[in-house]
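Student: Got a predicted model here, sequence first, then my questions.
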Protein chains: 2
Amino acid sequence: MSQHKNTIVVVDDHPIVIEGLIRLLSKKPEYEIIGGFTRGEEFISFLKIATVKIVLLDIMLPDINGMDLCKTIKTISPDTVVLAFSNYQERSVILQMLANGASGYLLKESSIEEIVICINEALNGQITFSNIVKEIISRPQLKESQDFAKLTVREKEILKLIADGKTTNDIAEMLFLSKFTVENHRKNLLQKLKAKNVADLIRHATLQNLI
Amino acid sequence: MSQHKNTIVVVDDHPIVIEGLIRLLSKKPEYEIIGGFTRGEEFISFLKIATVKIVLLDIMLPDINGMDLCKTIKTISPDTVVLAFSNYQERSVILQMLANGASGYLLKESSIEEIVICINEALNGQITFSNIVKEIISRPQLKESQDFAKLTVREKEILKLIADGKTTNDIAEMLFLSKFTVENHRKNLLQKLKAKNVADLIRHATLQNLI
DNA sequence: TCAAAAATAGCTGAAAACAGCTATAAGTAA
DNA sequence: TTACTTATAGCTGTTTTCAGCTATTTTTGA
């Protein structure tokens, strides 16, 4: 039964990448590549009828966002190991993939050796990253923290209350301030974090762990 | 100079834990434990005057939240490796610590061997987790996805646009809908996700990776 | 101690959000 | 095929947000 082999699938919009990985991995008898897909939907259909042990998943696909796809994969088949295989070097993207259930993150520029090592580690149940990714994760988001530092204590306080669903009047009452004062702080927050409105403000603040 | 040794600090509110780690690590000549603190503020003061290569950080401290402390540490001293040492097994907590700059996450119940291995890996610049933590990370958050599943496709679409700072009228134009329709979807989103207003909506949605 | 930054308070008017309803057509699952 | 869900559209009235101003007091840093 294929369940007992290390069945691998590659999802990438460039056929040449799929081809390369197939040739690379087919040398190893312990792997069995059972599919390659250039579209997310095709893979999802396949996943519903096949047992996939590990999937190498490109994040930039034509039909679906890789982050969402990862979540979908883990919902349909929680035991399938998702290994992100991407060009994106953004820390937030890497952490988002992990949050969505990925077991690791490989950059496409990784060496052949690195790729093989990571796949092996993933198969052993480990969380695995290519070397550059490890560095990126370890490196804290200094730029983002600076934005936060620019906010005054009062602004941070009010930002948290806004995020909590409080209205301007609510906040004014809670902090014994005039509503005009709170409105000013709110305006300054929008300006400082370059947000168009509260929705935008909260999304950015949340993603940057400001609240 | 202490800069060239592997200087280690332990921050934990239980002195016995600090003591245990000191005794454990002092056997290895390559480590130099230069401090143990039961309060976050004390450690921050110390960090400003000393060179710390790695800090074993308990998340539950009396005076400050460990997540915030981690961020502060990486701001003051970006090269200091933060290794979370905690009882919390919640996936969200682990990922939050990583997002805040931690290089790894150890459970307190880990074996001595595991702890030593992880510290070594961390010193080598690796991201490291104790075994149970690896499992927790690999296990996707099924519960959280359920809320998302309750939203219809159209609602998810509109939620993303709201989060992007678009107004009701913007969205209506983009999707060729009446503004009343968009308003209704918006109302349903607020109700389904139990949010008081947009700020509340976006915060919850972002934290739950709905957008 | 002097200048800058932060916090405070105020005003107006337009735009947007929100609550609370009704109602119809289309698709879907029991 | 019937009942339910989803998506659509509409209305009214109130509350809140937001932009664009001015201006005073308090705090802080150089």
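Tutor: That came through, no problem. Numbering: from 1, shown residues only, chains lettered A, B, ... in the order given.
Student: Only C-alpha atoms from now on, for both contacts and neighbour counts.
Tutor: Fine.
Student: Keeping just the C-alphas, turn the helix ranked longest in chain A into CSV.
Tutor: Ordering each helix of chain A by length in residues (DSSP state H) puts helix A:179-192 first. In CSV, the C-alpha atoms belonging to helix A:179-192 read as follows (Å, rounded to 0.1, in the frame of the first residue of the first chain):
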residue,chain,number,x,y,z
LYS,A,179,-14.1,63.0,23.2
PHE,A,180,-12.2,65.6,21.2
THR,A,181,-8.9,64.5,22.7
VAL,A,182,-9.6,60.9,21.9
GLU,A,183,-10.5,61.9,18.4
ASN,A,184,-7.2,63.6,18.1
HIS,A,185,-5.3,60.6,19.3
ARG,A,186,-7.3,58.5,16.9
LYS,A,187,-6.4,60.8,14.0
ASN,A,188,-2.7,60.7,15.0
LEU,A,189,-2.8,56.9,15.1
LEU,A,190,-4.3,56.7,11.6
GLN,A,191,-1.7,59.1,10.3
LYS,A,192,1.3,57.5,12.0
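Student: Just confirm yes or no for it near chain B.
Tutor: No - using Cα under 8 Å from any Cα of the partner chain, helix A:179-192 never reaches chain B; the gap is at least 11.4 Å.
Student: tell me what that helix is packed against?
Tutor: With contacts defined as 3 or more Cα pairs under 8 Å, 6 or more residues apart in numbering or on different chains; DSSP states H and E, the packing partners of helix A:179-192 are helix A:153-163, helix A:168-174, helix A:198-207.
Student: Now do that helix and helix A:198-207, the angle between them.
Tutor: If you take axes from the mean of the first three to the mean of the last three Cα atoms, to 10 degrees, helix A:179-192 sits at 60 degrees to helix A:198-207.
Student: tell me the angle helix A:179-192 makes with helix A:153-163.
Tutor: Going by the same axes, to 10 degrees, helix A:179-192 makes 90 degrees with helix A:153-163.
Student: which residues are contacting helix A:179-192?
Tutor: Helix A:179-192 is contacted by residues A:151, A:155, A:158-159, A:168-169, A:171-172, A:196-198, A:201 when judged by Cα atoms under 8 Å, 6 or more residues apart in numbering or on different chains.
Student: Make sure I have this right: A:G36 is in a strand.
Tutor: Yes - counting by DSSP: H, G, I helix; E, B strand; the rest coil, A:G36 is found in a strand.
Student: Could you verify my assumption that it touches A:H14?
Tutor: No - judged on Cα atoms under 8 Å, A:G36 makes no contact with A:H14 at a distance of 10.2 Å.
Student: Which of these two has more residues huddled nearby?
Tutor: A:G36 (22 against 13; other Cα atoms under 10 Å in any protein chain shown).
Student: what does the model give that one for pLDDT?
Tutor: A:G36 carries a pLDDT score of 91 in this model.
Student: Quickly note the distance from it to B:I54.
Tutor: Counting by Cα to Cα, to the nearest Å, the gap from A:G36 to B:I54 is 42 Å.
Student: same question, A:K28
Tutor: From A:K28 to B:I54 the distance is 39 Å (Cα to Cα).
Student: So which of those two has more stuff around it?
Tutor: B:I54 (21 against 10).
Student: Could I get the contacting residues of the more buried one?
Tutor: Taking Cα under 8 Å, 6+ apart, we find B:I54 in contact with B:6-9, B:80-83, B:123.
Student: So which of the residues you listed belong to helices?
Tutor: Of the contacts of B:I54, the ones assigned to helices by DSSP H are B:L123.
Student: Considering the contacts of B:I54, which is situated nearest to A:I115?
Tutor: The nearest member of those to A:I115, counting by Cα to Cα, is B:L123 at 22.7 Å.
Student: Give me the pLDDT value at the closest one.
Tutor: At B:L123, pLDDT is 85.
Student: For it, give its distance to DNA strand C.
Tutor: In this view, B:L123 and DNA strand C are 37 Å apart by Cα to the nearest atom of the strand, to the nearest Å.
Student: Domain map for chain A?
Tutor: Taking automatic domain parsing as the criterion, chain A consists of the domains A:2-138, A:142-207.
Student: nearest to DNA strand D, of these?
Tutor: domain A:142-207 (3.2 Å; Cα to the nearest atom of the strand).
Student: any idea which element A:Q126 lies in?
Tutor: Under DSSP states H and E, no helix or strand contains A:Q126.
Student: if I pick it, what's in contact with it?
Tutor: Applying Cα under 8 Å, 6+ apart to A:Q126 gives the contacts A:103, B:134.
Student: for it, phi and psi?
Tutor: The phi/psi pair for A:Q126 (degrees, to the nearest 10) reads phi -90, psi 160.
Student: go on, the one 3 residues further on?
Tutor: Backbone dihedrals for A:F129, given as degrees, to the nearest 10, come out at phi -140, psi 150.
Student: about what we covered before: would you mark the buried spots in the longest helix of chain A?
Tutor: Within helix A:179-192, the residues that qualify as buried are A:179, A:182-183, A:185-186, A:189-190, counting by 16 or more other Cα atoms under 10 Å in any protein chain shown.
Student: farthest pair in these?
Tutor: Maximum pairwise distance in the buried residues of helix A:179-192, criterion Cα to Cα, is 16.4 Å, between A:K179 and A:L190.
Student: Might one say that A:G165 is in contact with B:H204?
Tutor: No - with contacts counted by Cα under 8 Å, A:G165 stays clear of B:H204, the gap being 10.3 Å.
Student: Can you work out which residues contact both of those two?
Tutor: Jointly contacting A:G165 and B:H204 under the rule Cα under 8 Å, 6+ apart are B:A195.
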